[in-house]
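Chemist: no sequence on this one, just coordinates:
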């Protein structure tokens, strides 16, 4: 019923700056500063993603630069201690990389980011070769859809489908992404269904349903 959902390839950045596994610490910092990014895919061979090096991977070197952590801290933060002594991307990166395919839906990409607590995902093909990168900001682009676009889609894909013969015309209003339905319908049990389907429309922020039913007596008048 719904239009085809947006997928990662619709919003991802196709031109991606990356480094090889042998890139040294200062080179990585310079590339991040030059391109104003906080993480870089690490590649090998023909562009296969083997990891990601981020600002968080680089910070332990500064954190432990002039400190002598106790035994407990060393054991509790083994990974950070190792990265504090790292020099190359291979030693500093988080691996294996958390990636996504270009055909994944934005909802799937958002779930991966939330579950793995990352801000961006390298986009790879079936061979693991880098095709682009998608960030949290990219996933939010669907909320730039206009109220007019959302109104038209809700009318076409939800209202006309669920309520083909309403007791009175159903009014669809969208303001700042919030959809409001007003009218009278024959079957009020469909209201929760309508709300769920409208929330599934990409770009919708919230839904308010003011749909009233009618008694059998009033329908016979």
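Modeler: Arrived safely. Just so you know, these numbers come straight off a predicted model, no measurement behind them. Numbering: from 1, shown residues only.
Chemist: Distance check, the closest residue to residue 121 other than its chain neighbours against residue 134.
Modeler: Distances taken as C-beta to C-beta, 6 or more residues apart in numbering place residue 100 nearest to residue 121, at 4.5 Å, with adjacent residues excluded. C-beta coordinates here come from the backbone N, C-alpha and C atoms, glycine included. As judged by C-beta to C-beta, to the nearest Å, residue 100 and residue 134 stand 7 Å apart.
Chemist: So for the two, which residue has more residues nearby?
Modeler: A side-by-side neighbour count of residue 100 and residue 134, using other C-beta atoms under 10 Å, places residue 134 first with 26 against 22.
Chemist: so that one sits in a helix?
Modeler: No: under DSSP: H, G, I helix; E, B strand; the rest coil, residue 134 falls outside any helix and is assigned strand.
Chemist: all helices for the chain, in order.
Modeler: 8-11, 25-35, 55-63, 71-76, 78-84, 89-92, 106-116, 136-139, 147-154, 160-162, 191-199, 216-220 (DSSP state H).
Chemist: The residue nearest to residue 121 reaches residue 8, doesn't it?
Modeler: Yes: counting by C-beta atoms under 8 Å, residue 8 is a contact partner of residue 100 at 5.8 Å.
Chemist: between these two, what contacts are shared?
Modeler: The contact sets of residue 100 and residue 8 overlap at 109, 123, 134 (C-beta atoms under 8 Å, 6 or more residues apart in numbering).
Chemist: circling back: name the residues contacting each of residue 100 and residue 134.
Modeler: Common contacts of residue 100 and residue 134 (C-beta under 8 Å, 6+ apart): 8, 109, 121, 123.
Chemist: Which one of those is nearest to residue 183?
Modeler: Residue 183 lies nearest to residue 109 out of the shared contacts of residue 100 and residue 134, by C-beta to C-beta, at 35.6 Å.
Chemist: just the shared contacts of residue 100 and residue 8 now: which is nearest residue 95?
Modeler: The closest of those to residue 95 turns out to be residue 123 (C-beta to C-beta; 17.3 Å).
Chemist: nearest residue to that closest one other than its sequence neighbours?
Modeler: Closest to residue 123 by C-beta to C-beta, 6+ apart is residue 132, at 4.2 Å.
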